[in-house]
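J.: give the three-dimensional model of this entry:
(one chain, ligands or ions: 1)
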Amino acid sequence: MKNLTSLSLKTVQGELFVLDQTLLPQRQLWLLCQTVPAMVAMIKALQLRGAPAIGIGACLLLAYRASVGDSREQLLLDAEVLRAARPTAVNLMNNLDTMIAALAQDDYKAAAIACAEQLFAEDVALCQRMAEHGAALVQQGEQLLTHCNTGGLATAGVGTALGVINLAHQQGKNIRLWVDETRPLLQGGRLTAWECQQLGIPYQLICDNMAAMLMARGQVDRIFVGSDRIAANGDFANKVGTYSLAVLAHYHQVPFYVVAPHTTVDLACADGSAIPIEQRDANEVRGVSGAFGSAIWAPEQASVFNPAFDVTPAELVTGWVLDTGVYSQADIAMGILQRVIRK
Ligand code: MRU
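T.: Sure, this is the predicted structure:
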């Protein structure tokens, strides 16, 4: 396998390493990943996270397993185990389907490696195209807002929503960014803030419940978020808290964009109600934990509701920024997603 490098995944002389995102920004620790159970555990624990990154990581691991001699039958069984690691991001399922098709070839080992390399390279290219389409929407001096982490850590390339924001910054548009901290797991406060530091994007971190006040004051010009799955009618799932941002944006008439590769569209889901939503451990809400330490502040037995994602209805979205272009509600109603996917 070629040596590949992204912010969260790298292959070195055929071995796969994953940057442990639960330890960021305090520690940068690369973990060697050699087995399917190890990859499943990393995805479940969010050591590897972000819709495109988990799909590519799963396929890189299968390519590694092929390279060390696992049989086709074993790899096909493993693909199903990996598919079940997290339920919401359809990129995981789509990438595994591509890998399963590659495994049907006679020389399945070479095909598995070529497939994983191709998925990685494709994601880099998709991110670049989304960034170009989205950055064109940003005007000079705008104040932007984003939720969760959608940057290089979550993809093989420059990211989805954060890729757009970074390109607008690189284009000298003099933007400023509000970063939602994103409870419960703080992907904004830990990961997006860390990426913004590296990229030199001027940002200010806010608690999720501060966005309304900023919008009321006219201090948010445009919102960009990512997605884990977009249904055929344009409804989409993203990190919990995205829906409340979209409602706020609608009330305050702030343009609200979802940025995702076409591999995030799932035509099998007619609308958002068909998107499976992952429920996570109660202790994530009872307190916090990470390289910074851990604390539980709620009563130990507190009953908790902890969905990892919520669904934003299409009617609240100003535009869908895909690698193929930017689409409006009218485009979506006319079936543009179906045309983009069937191409
Ligand atoms: O639970 P996470 O951290 O994997 O959630 C990630 C998100 O919700 C992102 O916004 C989404 O995957 C799109 S990022 C390219």
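
J.: please count neighbours and contacts with C-alpha atoms only from this point.
T.: OK.

J.: pLDDT score assigned to the residue nearest to residue 280 when sequence neighbours are not counted?
T.: In this structure, residue 280 finds its nearest non-sequential neighbour in residue 306, 5.5 Å apart by Cα to Cα, 6 or more residues apart in numbering. For residue 306, the pLDDT comes out at 98.

J.: hmm, residue 282 and residue 306 touching each other?
T.: Yes - taking contacts as Cα atoms under 8 Å, residue 306 lies within contact range of residue 282: 6.4 Å.

J.: list the buried residues for stretch 297-307?
T.: Buried residues in stretch 297-307, counted by 16 or more other Cα atoms under 10 Å: residue 306.

J.: would you mark the buried spots in stretch 286-298?
T.: Those would be 286-288, 290, for stretch 286-298 by 16+ other Cα under 10 Å.

J.: can you pick out the most distant pair from those?
T.: Distances among the buried residues of stretch 286-298 were taken as Cα to Cα; the most separated pair is 286 and 290, at 13.9 Å.

J.: rounded mean pLDDT for the helix or strand hosting residue 37, please.
T.: Here residue 37 sits within helix 36-44, counting by DSSP states H and E. The average pLDDT within helix 36-44 is 98.

J.: can I see the domain layout of this structure?
T.: 4-127, 131-342 (automatic domain parsing).

J.: got the residues of the stretch 201-343 of the chain near the ligand?
T.: 226-228, 238-239 (Cα under 6 Å from any ligand atom).

J.: would you format those as TSV with secondary structure included?
T.: Shown next, in TSV, are those (DSSP: H, G, I helix; E, B strand; the rest coil):
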residue	secondary structure
226	coil
227	coil
228	coil
238	strand
239	strand
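
J.: out of the buried residues of stretch 286-298, which is nearest to residue 70?
T.: residue 290 (34.7 Å).

J.: might one say that the closest one is in contact with residue 20?
T.: No - with contact defined as Cα under 8 Å, residue 290 does not count as touching residue 20 (10.6 Å).

J.: in strands, which of the buried residues of stretch 286-298 fall?
T.: 287-288, 290 (DSSP state E).

J.: now flag whichever of those is closest to residue 109.
T.: The nearest member of these to residue 109, counting by Cα to Cα, is residue 290 at 37.5 Å.

J.: pop out the phi and psi values for the residue nearest to the spatial centre of the chain.
T.: In the chain, the centroid-proximal residue (Cα atoms, centre = their mean) is residue 50; its distance is 3.2 Å. The phi/psi pair for residue 50 (degrees, to the nearest 10) reads phi 90, psi 130.

J.: likewise residue 325?
T.: Main-chain dihedrals, residue 325, degrees, to the nearest 10: phi 150, psi -180.

J.: please report how far it lies from the ligand.
T.: Counting by Cα to the nearest ligand atom, to the nearest Å, the gap from residue 325 to the ligand is 17 Å.

J.: OK, contacts around that residue?
T.: When contacts are counted by Cα atoms under 8 Å, 6 or more residues apart in numbering, residue 325 touches 130, 133.

J.: let's see the pLDDT reported for it.
T.: For residue 325, pLDDT reads 98.

J.: partners of it in the sheet?
T.: Applying DSSP bridges to residue 325 gives these bridge partners: residue 322.

J.: that older thread, tabulate the ones in strands among the buried residues of stretch 286-298 (CSV), appending pLDDT.
T.: Below are these laid out as CSV (pLDDT from 0 to 100):
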residue, pLDDT
287, 97
288, 95
290, 90
